[in-house]
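K.L.:
structure for the following, please:
(one chain, ligands or ions: 1)
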Amino acid sequence: MADLKLTDIAKTYGGTVEVLKHIDLDIKEGELIVFVGPSGCGKSTLLRMIAGLEKITSGTLEIDGQVVNDVPPAQRGIAMVFQSYALYPHMTVRENMSFALKLAKKSASEIEEAVNKAAQILQLEEYLDRLPKALSGGQRQRVAIGRSIVRDPKVYLFDEPLSNLDAALRVATRIEIAQLKESMPESTMIYVTHDQVEAMTLASRIVVLANKGIAQVGTPLELYERPENEFVAQFIGSPSMNLLAGEIIETGTQTVVTLDGGGTVTSAVPTRDNEKGLRVNVGVRPEDMLETTGDDYLFEGKVNFTEALGEVTLLYFNKVGDNDAVIGKLPGVHAGLRGKSVRMKAEPEKVQVFHNGKSLYYR
Ligand SMILES: Nc1ncnc2c1ncn2[C@@H]1O[C@H](COP(=O)(O)OP(=O)(O)OP(=O)(O)O)[C@@H](O)[C@H]1O
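P.N.:
Residues are numbered from 1 along each chain as shown. Below is the predicted model:
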């Protein structure tokens, strides 16, 4: 299938509205790359430039080593699946899936073979003679994916394909997409989503877009465990990672930080001698905060509010200085902690250290 290489790509609308700049990205055959980022950060724009539906303002896009900036969409070997399925309502599932192949003047037997194969992969065999209106939302989305599969594209592009589905169907269709990817290990896929769980579960690598550029590229666990900057730290994971301001008091293979709120914490992020005294933000995820009665706490605060979600309880503490309110997430039910003062600690491996917004882990 295909490798993609994006080099210094930029997009400006109407000569003045700069949306993306300096986008460098290597995508290898067989990867499922997910673009995430805040609303308006340019995810769809980047996908549409790859598809050829939007002009690339500057930079180069290569597919399998060939620069395709000026190659029309139909000749790029790309298939795009949209959030609105865009099925032809008066055509059956079979006709919808055959349409592009008919246009491409394929023979009847070739079309039949391709449609039957796609229908089998997507478990649509029993619906082939139905009209779209007689299908559920999830089935319609499968037909939309089927229309791409029959064309045997080099690259699949998905623009929020599940966002019109209800919660249960989203989960079921997400798993189907994951299985579809497993059944086509060599196909390259790029997937835009707002949904963190989709990003974490589907991606071989996630690209976080923010401030017109790439904030970080990495595997889901790299982004979760070692975010490069505070933006990614707080964008990935829910509730967001807590950031607590403090000062480095011990450097070395482990770093000790005293926090403005009174606590102390050890991080497995190493620091250099000359970084003693540096002002930093310590980052700890709510799920990595552990209750303690000892003196080795990083944070002590009154629980203002609790939310019991069944499997976990969220604890909402006071704000500490300029930072956001601290949130803890304890397994089980702890509604009784409301109004109490609680100490929280964290294991050194789970503690990030940021200076000027960037993780010291990556120097
Ligand atoms: N044709 C256009 N002319 C001018 N600006 C545009 C045009 N299309 C998109 N934009 C702007 O480009 C920016 C990026 O839009 P884009 O749709 O790529 O973002 P997105 O990350 O996909 O957003 P969302 O998550 O909300 O779908 C937005 O600020 C948008 O207003």
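K.L.:
flag every buried residue along stretch 131-144.
P.N.:
131-132, 135, 138-144 (16 or more other C-beta atoms under 10 Å). All C-beta atoms are positioned from the backbone trio N, CA, C, and that covers glycine.
K.L.:
measure residue 92 to residue 285 for me?
P.N.:
Note on residue 92: its distance to residue 285, by C-beta to C-beta, to the nearest Å, is 49 Å.
K.L.:
same deal with residue 273?
P.N.:
Taken as C-beta to C-beta, the span from residue 273 to residue 285 is 29 Å.
K.L.:
and the two? Which one has more around it.
P.N.:
A direct count of neighbours by other C-beta atoms under 10 Å for residue 273 and residue 285 places residue 285 higher, at 23 against 7.
K.L.:
give me every residue that touches residue 214.
P.N.:
23-25, 207-208 (C-beta atoms under 8 Å, 6 or more residues apart in numbering).
K.L.:
tell me which residues in the helix or strand that contains it are buried?
P.N.:
In this assignment (DSSP states H and E), residue 214 forms part of strand 213-218. Within strand 213-218, the residues that count as buried by 16+ other C-beta under 10 Å are 214-218.
K.L.:
is it positioned near the ligand?
P.N.:
No - if you take C-beta under 6 Å from any ligand atom as the test, strand 213-218 misses the ligand, and the best it gets is 12.8 Å.
K.L.:
list the neighbouring strands of that strand plus their orientation.
P.N.:
Partner strands and pairing direction for strand 213-218 (DSSP bridges) are strand 205-210 (antiparallel).
K.L.:
other residues contacting the partner strand?
P.N.:
Counting by C-beta under 8 Å, 6+ apart, 20, 25, 31, 33-38, 41-43, 46, 199-200, 214-220, 223, 231-232, 235-236 sit against strand 205-210.
K.L.:
up against the ligand, what does the stretch 101-250 of the chain have?
P.N.:
Counting by C-beta under 6 Å from any ligand atom, the residues of the stretch 101-250 of the chain that sit close to the ligand are residue 194.
K.L.:
what is the neighbour count of the residue in the stretch 101-250 of the chain that the ligand sits nearest to?
P.N.:
Nearest residue of the stretch 101-250 of the chain to the ligand: residue 194, at 5.9 Å (C-beta to the nearest ligand atom). Residue 194: 14 surrounding residues under other C-beta under 10 Å.
K.L.:
mind listing what it touches?
P.N.:
Residues in contact with residue 194, defined by C-beta under 8 Å, 6+ apart, are 36, 39, 160, 163.
K.L.:
what's the nearest residue to the third one if we skip its chain neighbours?
P.N.:
It refers to residue 160. Once flanking residues are discounted, residue 160 sits nearest to residue 83: 4.3 Å by C-beta to C-beta, 6 or more residues apart in numbering.
K.L.:
over to the residue sitting nearest the centre point of the chain. Which of the three states is it?
P.N.:
Note on the chain: the residue nearest the mean C-alpha position is residue 199, at 3.5 Å, using C-alpha atoms, centre = their mean. Put simply, residue 199 is helix when judged by DSSP: H, G, I helix; E, B strand; the rest coil.
K.L.:
for residue 232, same thing?
P.N.:
Three-state call for residue 232 (three-state DSSP): helix.
K.L.:
where does the stretch 251-363 of the chain dip in pLDDT?
P.N.:
320-323 (pLDDT under 70).
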